[in-house]
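A.B. asks: Fold the following and give me the result.
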Amino acid sequence: MNSISVVLIVVAIVGLVVVAMAVQSLIGTLRSLRETVEDLRAETLSAVAELRATVALANGEIERVDSLLDTAETVSARVEATSRLAWLVMRNPLVKLASASVASDRATRRLTRDERAIAVVTPLAVSDGERGSSRRKRNSLNTTSRQDRRTS
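C.D. replies: Predicted coordinates:
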């Protein structure tokens with residue numbers, strides 16, 4: 001055997017040792033990866049189970065709120081129908097009561113009016129003896145002119 005073949009054999013042995021070490025390291029890494037995957041799987045399964053329970057609870061609450069909304073809509077429709085019916089039933093008597101109240105108020109005012117109070121009232125146009133003076137007085141008391149009122 002010559003020296004080249006010895007060197008090649010040594011290089012081959014060193015290469016085999018290096019490959020064996022790399023395979024050993026790869027096997028250790030794969031074991032670690034397998035453990036990590038198992039841990040991740042266990043945690044993920046528990047998280048998914050909690051998520052399913054939360055979704056089921058949320059679905060139950062949604063169904064409950066939906067039934068409450070249906071009940072509220074039913075009650076609202078019944079209240080509206082009852083209100084409409086009450087208005088139809090009470091409208092005519094209420095109008096008659098209001099008109100009777102106004103008529104009785106006017107009648108009592110006419111009946112209780114004092115004749116002397118009517119005679120004391122003087123027309124505005126002849127309050128100071130001059131024709132149209134009361135209008136002038138009202139106009140003089142009014143400080144805004146027509147021009148001012150138009151611009152404002």
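A.B. asks: tally of neighbours for residue 59?
C.D. replies: 10 (other Cβ atoms under 10 Å). Placement of C-beta: from N, CA and C, glycine included.
A.B. asks: swap in residue 72?
C.D. replies: Counted with other Cβ under 10 Å, residue 72 comes out at 10.
A.B. asks: repeat for residue 61
C.D. replies: 10.
A.B. asks: So for it, what's the pLDDT?
C.D. replies: On pLDDT, residue 61 comes in at 95.
A.B. asks: before we move on, what about residue 133?
C.D. replies: What the model reports for residue 133 is a pLDDT of 51.
A.B. asks: got a pLDDT number for residue 125?
C.D. replies: Reading off the model, residue 125 has pLDDT 53.
A.B. asks: do residue 145 as well
C.D. replies: 58.
A.B. asks: Kindly report the same for residue 100.
C.D. replies: Residue 100 is assigned a pLDDT of 88 by the prediction.
A.B. asks: So it: helix, strand or coil?
C.D. replies: At residue 100 the chain is in helix, as set by DSSP: H, G, I helix; E, B strand; the rest coil.
A.B. asks: From residue 112, how far off is it?
C.D. replies: Going from residue 100 to residue 112 by Cβ to Cβ, to the nearest Å gives 18 Å.
A.B. asks: ok, those two, which is more surrounded?
C.D. replies: The neighbour comparison of residue 100 against residue 112 (other Cβ under 10 Å) goes to residue 100, with 10 against 7.
A.B. asks: Nearest the geometric middle of the chain, what residue?
C.D. replies: Nearest to the geometric centre of the chain sits residue 69, at 15.2 Å (Cα atoms, centre = their mean).
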